[in-house]
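Q: what would the 3D arrangement of this be:
(2 chains)
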Protein chains: 2
Amino acid sequence: MKLSLVGEEMSAMSGVRSILKDIAEHAARQSLINLSAGNPLVLPEVEHLWRKHLSELMEDAAFGEIIGRYGSSQGYEPFIETVVEMINRNYNWGITAKNVLVTAGSQSLYFMAVNAFTGMDKDGRPRRLVLPLCPDYTGYQGVSFWKKTVVSFKPVVDVLGEHRFKHRLDLDRLTIDGMTGAVLFSRPCNPSGNVMTEREVLELIHRSRSRDVPVIIDSAYAPPFPNLSFIEMRPIWGDNVIHCLSLSKAGLPGERIGVAIAHERYIRILESFQANMNIHPSRLGQAIAARAIRSGELEAVAAKVIRPFYEKKFRVLEAALDQCMPDVPWYLHVGEGSIFAWVWFDRLPIRDLELYQLLKKEGLIVVPGFSFFQGLREAWDHTNQCIRISLTASDEEIEQGVRILAKVLREIYR
Amino acid sequence: MKLSLVGEEMSAMSGVRSILKDIAEHAARQSLINLSAGNPLVLPEVEHLWRKHLSELMEDAAFGEIIGRYGSSQGYEPFIETVVEMINRNYNWGITAKNVLVTAGSQSLYFMAVNAFTGMDKDGRPRRLVLPLCPDYTGYQGVSFWKKTVVSFKPVVDVLGEHRFKHRLDLDRLTIDGMTGAVLFSRPCNPSGNVMTEREVLELIHRSRSRDVPVIIDSAYAPPFPNLSFIEMRPIWGDNVIHCLSLSKAGLPGERIGVAIAHERYIRILESFQANMNIHPSRLGQAIAARAIRSGELEAVAAKVIRPFYEKKFRVLEAALDQCMPDVPWYLHVGEGSIFAWVWFDRLPIRDLELYQLLKKEGLIVVPGFSFFQGLREAWDHTNQCIRISLTASDEEIEQGVRILAKVLREIYR
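A: Okay, here's the model as predicted:
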C-alpha cells in the first residue's frame, strides 16, 4: 500500500504505542497490578454531577438543536461564554469569546497547533517544536507530521533530600530562535508531576515573544479544574500564550473536550483548521460542561473530590516507597500535580525497558520512561533510568505494586 | 505570524468558505429566504428517537464508563458490533469488527484518508486525489494539505427532456494511474443529487484496484440511513473500497459520528492516524446510535420520516420550477437523493457568483456552483452556470424562493 509522507508518519507505531499495545495485551491475559494507566477513575461524585446536568439538559428546549444541528466551528456558544466568565472571574485575564476555541479534546488541539506552527514551511525549512523540559507527554511528538522537527531539552536535576528530586528548566541550554515554530509543555507535567515555576514560565514566554513564537501550555491537570496541582499554582497568561484546558481529568474523557484560550490571531488560525478538519467538536459534552461550570459545581468537585483523591494516592505511594524500597539510589519526583508519579533509579544497571519486562514477569505493570524523552538530541543515561507510575489504582494495589518494585530492584542492584 | 505549509493550507479561506461567511453575515442581518443551508432540519420523530435512547442509556450501568473513561481509538465497541450486524444483515458483506473504524464525524474521516493516501510522498512526488465526477462536495479539497494534488473530471451532461439533466461519469477522460493516491466521491452526491450508477462505481473500483488505489465512497445520504436516495440504490463493496457512513443526516450532526467500513489494512492506517490525532471520537453519541440502530428504529425512521420528508421537498421545488420559470434554458438535475437540488442555466449571460449577488439583493440566498468544481483542470463554461438549492426550508419558502429566481433569470436572459 502506498502512503503519503503524512500517512507514513501518522500510522507509524511509535515507541510508547508499542508499549501500550504490549500492556493492553498482557493486562487482558493475566491478573496483573496495572500501574500504567492514564485513564482516570470514575469517581461517584463526578459521575453524579454529569448525570444530573445531562438530565436537566434533556428537559431543555435547546436539546434538539444541540444534537440535531451542525454548530459553529468555534464551539457551542453557551459553553464559550461560560469559559470566558470563569477565566475572567478566576484570573482576571479580560478575555472575550474571540479568545476561545473548543476542540474535540486537547490532543486534537495539539495536533492542529503543532502542525500549523511547526514542521516544514512553504520554503522547505523545518520549523521546530520546542519541548523546553523533558520528560514530557509523548503525544506531543505523536501529533507531529515532521517528527524530526521536535526538539527537547535536558532539565537540571535538583536532588532534594535522600530520595526526592525536582526538574528545573535549563535556561542555558534552551534555544528559541528564528526557526522555532512553537514551544509546548504540560504544567502540571505528565509524566513527572513537576510544576514549572512562574519564573521559568515567564522566561519562556519572554524569550518566545521576542521571536513571535506561541507558547502552548497544556493545562490538562491545572486549576480551576481538574485542579490536580498539589502545590499552589497560578495559570499564566500572555499575548503569545495558547492556554489549553481539558475536561478529561474532570470526568469527561469519553466526550473529548479541549479548549484553547489565546490571542484572537491564534484562535482564527486554529478555528479555520478545525472547520476544514472536522467542522466542529461534538456538542452534548460541551452543553453539560457549560452547565456544570456555570453553577460552580465543577470547580467545587475538582477542589473537594478530584484533587484530594489523587493527592492521597500520591501520599500512599510515597509512604510505600519510603517504607519498602531497599537501599538503592532511588528518587521520587516531588509530587506537585497530575495523576502520575515519576521515579528515577540512578546508576540503574539495566535499561528501563528491561526493568519493565522484569516487573511485568513479577506481576506489576508500569510505563518505562524512555519514550517521554522524545526529541532529546544528546545522550543521557537518565533517559533509561526512570518509570512512570499511575495513581489510578486502589491503595492496596499501589502498596502491593511498590513491594514488587522493591523486590525486583533489590535484585537488580545486588 | 509564521506558519508551516500545513498551517497556511488549513487556515486559508477557500472560495466556498468566503461565500458561507458572506451568507452567514447577510442571513443574520436581514430577513432573507435562505436556500443555502447544509444544516438538516430537526424532525420531531427523529429528535424523539435520540431523546428516548439517551434517557435509557442514562439508566444503564455503562453510562459512567462511557463518559468517564477514555475509550478505544477504533470506536465504542458496542457501536462497532452494531454496525457490523447491520451491514451484514442488509448487504451480506461478511465484515467483522476489524473492518470498522468510528471517527469524529465523516469530515474527520476524509481528512485522515485524503492526507494519508494523497499529497506529497516521502520522495516529494505528488500523489493525486481523484474526484472522478465534478461537481462534488467542496470539503474534499478543504481537508487536503496539498490542494494542488486534487484533480477532478468533467462529467458527460445527459439532457433528459426539456428541463432535466443527469451527470454521467466520463470514462474516456478519467485517469487513474501510478500517481493516483485515492479516488473519492459522494453517492448520493452533494451538491447535485446525482446517484452514480452501479456500472460506473464498479468500473471505478476495477480501475483503482489494478493500481492498488482505495476508492472512498461518501455515503452520508445513502441507505440504510439516512436513506436519502429517491431511487433504488445499493451500496457497493470491494476490497479496495472505504465505505463511509455518517449519522449527521440521520439527526445527529451535533454529535459528529462517522464510520469507515473497509479492508483491515486501511482501517489499521486510519486508526493509528486517529489515535495520534485525537485519541478517539466522543462516545455518548456512539452509545445512543448503537441503541437506535440495534432496535431497528433508526432504519425505520429514515425510511418512514427522513426520506419522505426530503423527497417531498424536492417535488415541491420541482413543481415550483416547472410552474414559475420563464422560457430560458434551465435544467434541474434529476433528484436521485441528498438534501439539495442542483440547477444549471445553459448560456447564462453572467457568472454564477454575480447571479448569487443579484438573488441576494432580491432576498433569496442560494449557493453559487463554482466551488463544487474544485480540481477541474480544463476550462468549462458550465462551472459558472449552476446553483445549489437546499431542501431544508419550508414549502412556502421554497415556492417563494423559486418565484424570486424566476423573476431574476427572466431579466438576466432578456
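Q: what about A:Ile80, distance to chain B?
A: 15 Å (C-beta to the nearest C-beta, to the nearest Å). Bear in mind the C-beta positions are built from the backbone N, C-alpha and C, glycine included.
Q: likewise for A:Ser219?
A: In terms of C-beta to the nearest C-beta, A:Ser219 sits 17 Å off from chain B.
Q: ditto for A:Ala290
A: A:Ala290 is 14 Å from chain B, by C-beta to the nearest C-beta.
Q: wait, A:Arg51 sits on B:Glu59?
A: No: contact between A:Arg51 and B:Glu59 fails when scored by C-beta atoms under 8 Å: they sit 10.1 Å apart.
Q: higher neighbour count, these two?
A: A:Arg51 (15 against 7; other C-beta atoms under 10 Å in any protein chain shown).
Q: part of a helix, is the more buried one?
A: Yes: if the criterion is DSSP: H, G, I helix; E, B strand; the rest coil, then A:Arg51 is within a helix.
Q: show me the contacts for it.
A: With contacts defined as C-beta atoms under 8 Å, 6 or more residues apart in numbering or on different chains, the neighbours of A:Arg51 are B:Met58, B:Phe63, B:Gly64.
Q: inside helices: which ones of those residues?
A: B:Met58, B:Phe63, B:Gly64 (DSSP state H).
Q: is it true that the first one touches A:Lys52?
A: No: contact criterion C-beta under 8 Å: B:Met58 and A:Lys52 do not qualify, at 10.2 Å.
Q: following element in sequence after the helix or strand harbouring A:His26, please.
A: Assigning secondary structure by DSSP states H and E places A:His26 in helix A:15-29. As assigned by DSSP H and E, the chain's next helix or strand after helix A:15-29 is strand A:33-34.
Q: that older thread, contacts with chain A among the contacts of A:Arg51, please.
A: Among these, the ones lying near chain A by C-beta under 8 Å from any C-beta of the partner chain are B:Met58, B:Phe63, B:Gly64.
Q: just give me the closest of those to chain A.
A: B:Gly64 (4.4 Å; C-beta to the nearest C-beta).
Q: what's the local residue count around that closest one?
A: 19.
Q: ok, A:Leu270 next?
A: 25.
Q: could I get the phi/psi values of it?
A: phi -70, psi -30 (degrees, to the nearest 10).
Q: could you do A:Tyr331 as well?
A: Dihedral angles (degrees, to the nearest 10) for A:Tyr331: phi -140, psi 120.
Q: pretty sure it contacts A:Lys166?
A: No: with contacts counted by C-beta under 8 Å, A:Tyr331 stays clear of A:Lys166, the gap being 9.7 Å.
Q: and chain A, what are its domain boundaries?
A: A:5-41+A:300-413, A:46-295 (automatic domain parsing).
Q: in TSV: these, plus mean pLDDT and distance to B:Val408.
A: Converted to TSV, the domains of chain A look like this (pLDDT from 0 to 100; distance: least, C-beta to C-beta, whole Å):
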stretch	mean pLDDT	distance to B:Val408
domain A:5-41+A:300-413	93	45
domain A:46-295	97	29
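Q: can I get these in TSV including distance to B:Asn99?
A: Shown next, in TSV, are those (distance: least, C-beta to C-beta, whole Å):
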stretch	distance to B:Asn99
domain A:5-41+A:300-413	17
domain A:46-295	22
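Q: tell me which of the ones you listed is the most buried.
A: When the domains of chain A are scored by mean count of other C-beta atoms under 10 Å in any protein chain shown, the highest mean neighbour count falls to domain A:46-295 (a mean of 21).
Q: chain center to that one, what's the gap?
A: The chain centre lies 9 Å from the centre of domain A:46-295; the measure is C-alpha atoms, centre = their mean, to the nearest Å.
Q: lovely, talk soon.
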